[in-house]
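Engineer: could you look at this predicted model? Sequence included:
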Amino acid sequence: MLDADSGVHKLEHCASVLKAIAHPLRIAIIELLEEHGKLSVSEIHEQLDVEQAVASHHLGILKNKGVLISNREGKNMRYELKHRQITKIIEIMERCSTV
């Protein structure tokens, strides 16, 4: 059984992750990584047609919140989803949308 502090910590972590993905560009990054697996920041910024610095900034947020992991491959850092199930949150939100 979880004690109250553990339960609160878990809920705070969940809220933190939800805040991290609550941005249109970060959702696009997550969907892109779901489709392609691992991508470099260059590939991401080219695919999404944003500046590389912008893509790097948003990748950093997602990585710091535990949504993404990165691995160095040669000169490039390649990003991938830490848990592919995170995309289910986005799918649910899309189904709930009235727009």
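Structural biologist: All right, it came through fine. These numbers were taken from a predicted model, which means no experiment stands behind them.

Engineer: make it CA atoms for all contacts and neighbour counts henceforth
Structural biologist: Will do.

Engineer: any idea which helix is longest in this structure?
Structural biologist: Longest helix of the chain, by residue count under DSSP state H: helix 4-21.

Engineer: next one: the next helix or strand after that one to chain centre, how far?
Structural biologist: Per DSSP states H and E, the first helix or strand lying C-terminal to helix 4-21 is helix 24-36. Put simply, helix 24-36 sits 7 Å off its chain's centre (C-alpha atoms, centre = their mean, to the nearest Å).

Engineer: the longest helix of the chain - contacts with which helices or strands?
Structural biologist: helix 52-64 (3 or more C-alpha pairs under 8 Å, 6 or more residues apart in numbering; DSSP states H and E).

Engineer: got a list of contacts for the helix it packs on?
Structural biologist: Residues from elsewhere that reach helix 52-64, judged by C-alpha atoms under 8 Å, 6 or more residues apart in numbering: 20-21, 25-26, 29, 41-42, 44-45, 68-70.

Engineer: follow-up on the earlier one: in the longest helix of the chain, what's buried?
Structural biologist: 17, 20-21 (16 or more other C-alpha atoms under 10 Å).

Engineer: could I get the contacts of helix 52-64 as a markdown table with distance to I86 and pLDDT?
Structural biologist: A markdown table is the format used below for the contacts of helix 52-64 (distance: C-alpha to C-alpha, whole Å; pLDDT from 0 to 100):
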| residue | distance to I86 | pLDDT |
| --- | --- | --- |
| A20 | 12 | 92 |
| I21 | 9 | 93 |
| L25 | 15 | 97 |
| R26 | 12 | 97 |
| I29 | 12 | 97 |
| V41 | 20 | 95 |
| S42 | 23 | 95 |
| I44 | 18 | 97 |
| H45 | 21 | 96 |
| L68 | 10 | 97 |
| I69 | 13 | 96 |
| S70 | 16 | 96 |
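
Engineer: now that we have those, which one has the most neighbours?
Structural biologist: Neighbour counts for these peak at I29, which has 25 neighbours (criterion: other C-alpha atoms under 10 Å).
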